[in-house]
Every structure is written in structure tokens, then in C-alpha cells.
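# okay, sequence plus prediction incoming.
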2 protein chains.
Amino acid sequence: MVKHSSAALNRVFAALADPTRRRILSHLARGDKCVTHLARPHDMSLPAVSKHLRILERAGLLRRRRYGRVHEMQLEAKPLKQAAQWVEEYRKFWEGSLDRLADYLQKTTRQSSKKKT
Amino acid sequence: MVKHSSAALNRVFAALADPTRRRILSHLARGDKCVTHLARPHDMSLPAVSKHLRILERAGLLRRRRYGRVHEMQLEAKPLKQAAQWVEEYRKFWEGSLDRLADYLQKTTRQSSKKKT
DNA sequence: TACATAGTTAACCAGATGGTTAAACATTCG
DNA sequence: CGAATGTTTAACCATCTGGTTAACTATGTA
């Protein structure tokens, strides 16, 4: 069992729930950096992108560094690792439908059941 | 590069962004099933839990089966697999701070940089 | 100085979210 | 039938979200 900071996970998953932000992360991963550049492919205003960046920043998914008037963003993937660890705990449930099968068989007998190995 | 259905990922990540729902999934994984039972540990009304379950259901994270008046929930983790795959693409960014280091070094020289292997 | 560029902040809006209580629905049981 | 149980639906509310435009701050440049 991995230790999870609830608030951090909230922010990370919420940040990932928006497709614009996922695209921003992906551009970030390919080397794009400044706000204007990151904004270009997204058909929306600069302030909108700015907000997305702030959300990603608060989730810890990117770090910002200012060089004059240019803000350079940097992907920070550690929070993704934490999220991945959380998700991993459910891996056994999608690998092998064994559990689901066992579950199903018990259910066809109907009524409660204690399961849990 | 894995193929990602944006709408599906939106729903899954959004579903995971709430701690109550993550807890529900974890109880589900341990064998709890019916609504009342899943609701008990969460200090909130039954309708609130019902809403959370519906969100998890729409994200494809659980399946519902009715036995009389009892609704039995079943963890469906495949969408989590998809989410994990998305996250996995960023693994190299948290394994080895190599990229970040290279990036940092370039930045200390200041100015643009093309990077990207 | 004056103008252009990079980006944020402010004010606003429509719609979603997460919760509530009260009522309804569906099923089981005496 | 009538009452209890399991769950959802309806109506409501406060707050958050994701977008807008307009105005502002800060920096670079002629």
C-alpha cells in the first residue's frame, strides 16, 4: 500500500481531467516552453491558457522560471508518478478477469459473499 | 504512442479527482458491493454517494447489477488501465532527472534550445 | 520616450460539481 | 395490504470550472 496525499492526488487527477491540459503537458514533454508557444495550437485566448498553466503548476506538474518577460515552463512529472502508483493498486483487477470471474460465479449463486482472498 | 479517447480519459481522470470516489473504488476492490454498505464509511447522505456511484459508472469504473432492491457494484478497472497507459508516457520524465538536468544546463546558457531527441 | 511583446489580473458568464433535504420508487416482509 | 428497507430522483444551493474581453504589469527595443 502506497501512502497517498489526498489533496495532492486531487489536484493532479483534476489537472489531468482536461484535454487541453493533457495536450499542454504533451507539448511540454516535447520541448515547448513559453506560454505563447504552448498556447498557439490551442484555439483559445491567452488568459485561458494562462489559467490552465496555473492549474498544472499548482498540481506540481510544471515549474515556471522567468527570463525577462518570457515564462519558461518545465514538465515536472513526479506527481504523475504518484498518480501512477495509486492506479497501480488496481492493476490486478484489469490483469486477469480472474477476480471478476470469481465474483461473477459467486453472484450467480446470489446472496452475500465474503470473497477477499 | 497509445491511442487515447479524450472523452473517456476526461471522465476517468475527473472521477479519480475526488477522494470520496477513490475511497469508494478502494472499498469496491475489497469486496464491498451494495450502495448502503459503500456509503457507511463516508460521512454524507445516501443521495450524495449515489451521485458518486453514477459518476464512477459513467466513467466505466464500475458496473451495476440489480438484485431486487439491492444494487450490487462491481469494480471495472479497464479504464484505469487506459489512464495508466497515458501516464506511462511520462515515465521517462520522472525516471532519471536526466532530461531535466540537460534541460537545466541548456537553460543556464539561456536562450532557446531545440532539444527533443 | 514611445511602442511592441509576453504574460497576468480582473470582472464577468454559463454550466458543472458536490452537497443538502424531501419525496418517490421498488422490493421484501409481517 | 401496510410497513420497512434500499436506492434514486427532484429541487435547491454554494462553489468551482473553463471560457471570454478589457485592462494592467513588465520587459525589450527603436
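Now that the structure is in, tell me what you want to look at.

# tally of neighbours for A:Gly31?
Applying other C-beta atoms under 10 Å in any protein chain shown, we find 16 residues neighbouring A:Gly31. Where C-beta positions appear, they are placed from N, C-alpha and C, glycine not excepted.

# and it, which of the three is it?
The three-state label given to A:Gly31 by DSSP: H, G, I helix; E, B strand; the rest coil is coil.

# for it, phi and psi?
phi 110, psi -10 (degrees, to the nearest 10).

# and it, how far is that from A:Gln85?
In this view, A:Gly31 and A:Gln85 are 27 Å apart by C-beta to C-beta, to the nearest Å.

# what does A:Ile55 give?
22 Å.

# between those two, which one's more packed in?
Comparing A:Ile55 with A:Gln85 by other C-beta under 10 Å, the one with more neighbours is A:Ile55, at 17 against 14.

# and the closest residue to that one other than its chain neighbours, how many neighbours does it have?
Distances taken as C-beta to C-beta, 6 or more residues apart in numbering or on different chains place A:Ala15 nearest to A:Ile55, at 5.4 Å, with adjacent residues excluded. For A:Ala15, the number of neighbouring residues by other C-beta under 10 Å comes to 26.

# measure A:Phe93 to B:Pro41 for me?
In terms of C-beta to C-beta, A:Phe93 sits 20 Å off from B:Pro41.

# which of the two has more neighbours?
Taking neighbours as other C-beta under 10 Å, A:Phe93 and B:Pro41 compare with A:Phe93 leading, 21 against 11.

# now that one: which helix or strand?
A:Phe93 belongs to helix A:91-94 when elements are defined using DSSP states H and E.

# what are the buried residues along that helix?
Residues A:93-94 are the ones in helix A:91-94 that count as buried (16 or more other C-beta atoms under 10 Å in any protein chain shown).

# list the buried residues of stretch A:69-79.
A:71-77, A:79.

# actually stretch A:31-39, not the one I typed
A:31-33, A:35, A:38-39.

# what subset of those is also close to chain B?
Filtering the buried residues of stretch A:31-39 for proximity to chain B by C-beta under 8 Å from any C-beta of the partner chain leaves A:Gly31.

# any idea which of the buried residues of stretch A:31-39 is closest to chain B?
Using C-beta to the nearest C-beta, A:Gly31 comes nearest to chain B of those, at 4.4 Å.

# briefly note if stretch A:35-43 comes near DNA strand C.
Yes - Stretch A:35-43 comes into contact with DNA strand C (C-beta under 7 Å from any atom of the strand), by way of A:35-37.

# just put these in a markdown table and tack on pLDDT.
Below are the residues of stretch A:35-43 next to DNA strand C laid out as a markdown table (pLDDT from 0 to 100):
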| residue | pLDDT |
| --- | --- |
| A:Val35 | 89 |
| A:Thr36 | 85 |
| A:His37 | 88 |
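
# helices of chain A, start to end?
Under the criterion DSSP state H, helices of chain A are mapped to A:6-16, A:19-29, A:35-39, A:46-58, A:78-88, A:91-94, A:98-108.

# now the weakest link among those, please, by mean pLDDT.
In terms of mean pLDDT, the lowest-scoring of those is helix A:98-108 (a mean of 50).

# got the residues of chain A near DNA strand D?
Looking at DNA strand D, the residues of chain A close enough under C-beta under 7 Å from any atom of the strand are A:14, A:17-18, A:20, A:43-45, A:47-48, A:51-52, A:55, A:67-69.
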